[in-house]
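Colleague: Provided below for reference: sequence and predicted model.
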Amino acid sequence: MSILVIAEIDSHGIKAATRSAITAAGQLGGDVHLLLAGSDLEGIALQAKSIKGLSKILVADAAEYANGIAENLTPLLVKLAPGYSTVLAAATSFGKNLLPRAAALLDAAMVSEVTQIIGERTFVRPIYAGNLNATVTAPAGLALITIRQTVFEAVAETGGDGAVESIAATGDAGKAQFISRELAVSDRPELASAKVVISGGRSLGSKEIFHDTLEPLAAQLGAAIGATRAAVDSGMAPNDAQVGQTGTVIAPDLYIAFGVSGAAQHVGGIKDAKVIVAVNHDAEAPIFKVADYGLVADLFDVVPELSAALKQ
Amino acid sequence: MKILVGIKRVVDYQVTVRPAADGKGVETAGVKMSINPFDENALEAAVRLKEAGVATEVLAVAIGSAANQDVLRHALAMGADRALLVETDAVVQPLQTAKIYRALVEREAPQLVMTGKQAIDDDAAETAQMLAALLAWPQATFASSVQISDGKATVVREIDGGQETLQLALPAVISADLRLNEPRFIKLPALMMAKKKLLENIALAELGDTAAPSLTLLNVAEPPPRKAGRILNNVAELVAALRAEKVLP
Ligand SMILES: Cc1cc2nc3c(=O)[nH]c(=O)nc-3n(C[C@H](O)[C@H](O)[C@H](O)COP(=O)(O)OP(=O)(O)OC[C@H]3O[C@@H](n4cnc5c(N)ncnc54)[C@H](O)[C@@H]3O)c2cc1C
């Protein structure tokens, strides 16, 4: 049977996370269809058509799907799901909000944040903030799955030629009303997909110092800026900069942690980074246990030195 | 307005968890257990709504063995009015949990259900959405601010890259993010008072059929270890190492 991937759309079109979900769907085997639900989808449907790996794109174009409201999207999923073996999405805030709601109405198995597909119904997913991995099997029949975007490489945006088909909308459930959305605007790359991430902890001391210390180095490295929960909670960095169990899980090529102690909840979010560098003046800090390279030093000395060395 | 708050007893967040000897679960013998931190935020929000005169009663519920009485006492000490323990020795997964909560909602008729956005053991982040679906109520997950007025909840949610604001018609389900509030510190007199509050036990079977498709746990293991790291002496060594790794230009 085929697999239905739920597309996530933002102002730039279909998110890269959706293309990671298509990769995961491909690993399950079978035809992969994409559900594109939103409003004013003409351009986006064209974009979807050329994504690799899709045999069909179902387009549900209606005002009630405009803001990703789970109450409105769920009836559409419930209607379509019985024609598929698996419904799949990325484990973004959108996917995590939507799929369990549909799973409950379908009385189907739900497997969240899958990091490895072992067999048709056997998956690995992290538990305890990523400190352990659980291998689980879902019962036969329909399963709804969210996958961790960072471990499945996105399929190509071009080279595909899926058939585009319009489908009927299911109406406004009238239960939840979208009021507003504030997305952080930054010159830096997106945290979840950046190749280089530098981050700071509580020790940076203030919003100004956090910014003035890390921003120039991030610009030099083309890096996204992350933060610990302690740094976010004390107002040094915005909420969406938080890396870890409660924030964003990242897997950059290079992660440099400045003044981060390495609490389990933080480390769970960086374990898949290719190279981890820790700069901390406490040689006993747990972050050194996961770091590939460590400097036992004051971050306020290291940041300018690193900046200068990179200019050479 | 009555608020039902779902609470889970989990391994304390400061404990370093290890796989059980048979690899079929997590070692919990002699391990400190606590209320799931996110549930504590949900409870704190509910208690504040009561203190503000918006809610009239806060009911804390947990599912599990008799050992759960400790987290329910904790909830009562934080300000819940009543507690309810649905007793079972079985491992209850999110969809079954949602079905149990639905049965409790039918009995207790709350206008709002609050719970943590995820439990720090299975990290599933599913129960609130599932319950909202089963009740045909609206949902606001990952909430960092909740305001109730005129039969509506205005909720700010944490989403990837920012936040959004939704307005839900009550009754509704809201799941709490850590940023929703700072849970209060429990003082000894509150703990003593909590002993006098009502903690009711219900056998799971009393709630009717709550069976749900569930996942079979085959194995729990530590992730493959990262290769041993090196402490370097200075920035020059670091830059050289990172260039050798081809992660720096
Ligand atoms: C349910 C739950 C979920 C959580 N989720 C997350 C999450 O998603 N992400 C997250 O990050 N945390 C999370 N936390 C919090 C986590 O447990 C830690 O409290 C937090 O990560 C610590 O942040 P920190 O490293 O900035 O601060 P601290 O632990 O205070 O560490 C500061 C470090 O900076 C070092 N330092 C100080 N000054 C300097 C200097 N000048 N130069 C070099 N080093 C210096 C110190 O040696 C120390 O190691 C969560 C907690 C809970 C309970």
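Modeller: Received, thanks.

Colleague: alpha carbons only for contacts and neighbour counts from here, please
Modeller: Will do.

Colleague: Contacts for the strand or helix carrying residue A:80, please.
Modeller: If you go by DSSP states H and E, residue A:80 is part of helix A:70-80. Contacting residues not belonging to helix A:70-80 are listed as A:37, A:64-65, A:97-99, A:101-102, A:105-106, A:169-176, B:138-139 [CA atoms under 8 Å, 6 or more residues apart in numbering or on different chains].

Colleague: Pretty sure residue A:290 is one of the things residue A:261 touches, is it not?
Modeller: No - when contacts are counted by CA atoms under 8 Å, residue A:261 is not listed as touching residue A:290 (11.2 Å).

Colleague: coming back round to it: ChimeraX command for the buried members of the contacts of helix A:70-80?
Modeller: Applying 16 or more other CA atoms under 10 Å in any protein chain shown to these, the buried members can be selected in ChimeraX as follows:
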select /A:37,64,65,97,98,99,101,102,105,106,169,170,172,173,175,176 /B:138,139
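
Colleague: Show only the entries of the contacts of helix A:70-80 found in helices.
Modeller: Counted as lying in helices by DSSP state H, out of these, are A:97-99, A:101-102, A:105-106.

Colleague: of those, closest to chain B?
Modeller: Nearest to chain B out of those is residue A:101 (CA to the nearest CA; 4.7 Å).

Colleague: and residue A:192, what is it in contact with?
Modeller: Residue A:192 makes contact with A:150, A:248-251 under the criterion CA under 8 Å, 6+ apart.

Colleague: out of the residues you listed, which touch chain B?
Modeller: Among these, the residues that sit close to chain B (CA under 8 Å from any CA of the partner chain) are residue A:248.

Colleague: Put together JSON lines for the contacts of residue A:192, with pLDDT, neighbour count and secondary structure on each row.
Modeller: Below are the contacts of residue A:192 laid out as JSON lines (pLDDT from 0 to 100; neighbours: other CA atoms under 10 Å in any protein chain shown; DSSP: H, G, I helix; E, B strand; the rest coil):
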{"residue": "A:150", "pLDDT": "93", "neighbour count": "20", "secondary structure": "helix"}
{"residue": "A:248", "pLDDT": "93", "neighbour count": "23", "secondary structure": "strand"}
{"residue": "A:249", "pLDDT": "94", "neighbour count": "26", "secondary structure": "coil"}
{"residue": "A:250", "pLDDT": "96", "neighbour count": "27", "secondary structure": "coil"}
{"residue": "A:251", "pLDDT": "95", "neighbour count": "25", "secondary structure": "coil"}
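
Colleague: now the helices for chain B?
Modeller: Under DSSP H, chain B gives helices at B:37-51, B:69-78, B:94-108, B:127-135, B:188-194, B:235-244.

Colleague: out of those helices, which comes closest to chain A?
Modeller: Comparing the helices of chain B under CA to the nearest CA, the one sitting nearest is helix B:127-135, at 4.7 Å.

Colleague: Buried residues, stretch B:27-45. List them.
Modeller: So for stretch B:27-45, counting by 16+ other CA under 10 Å, buried means B:33-45.

Colleague: Same question for stretch A:17-25.
Modeller: A:17-25.

Colleague: Inside helices: which ones of the residues you listed?
Modeller: Going by DSSP H, the helices hold A:17-25 from the buried residues of stretch A:17-25.

Colleague: Of the residues you listed, which are in range of chain B?
Modeller: Counting by CA under 8 Å from any CA, no member of these reaches chain B.

Colleague: can you list those in CSV and add pLDDT?
Modeller: Below are these laid out as CSV (pLDDT from 0 to 100):
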residue, pLDDT
A:17, 96
A:18, 98
A:19, 98
A:20, 98
A:21, 98
A:22, 98
A:23, 98
A:24, 98
A:25, 98
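
Colleague: Strands of the stretch 1-150 of chain A, start to end?
Modeller: A:3-6, A:9-10, A:13-14, A:32-38, A:56-61, A:86-90, A:109-114, A:116-117, A:122-127, A:132-137, A:143-147 (DSSP state E, counting those that start in this stretch).

Colleague: So residue A:277 lies in a helix, does it not?
Modeller: No - applying DSSP: H, G, I helix; E, B strand; the rest coil, one finds residue A:277 to be strand, outside a helix.

Colleague: Just give me the neighbour total for the nearest residue to residue A:163 once chain neighbours are set aside.
Modeller: Leaving aside its sequence neighbours, residue A:163 sits nearest to residue A:56 (CA to CA, 6 or more residues apart in numbering or on different chains; 4.6 Å). Neighbour count of residue A:56, defined by other CA atoms under 10 Å in any protein chain shown: 19.

Colleague: OK, contacts around residue B:228?
Modeller: Applying CA under 8 Å, 6+ apart, the residues contacting residue B:228 are A:289-290, A:292.
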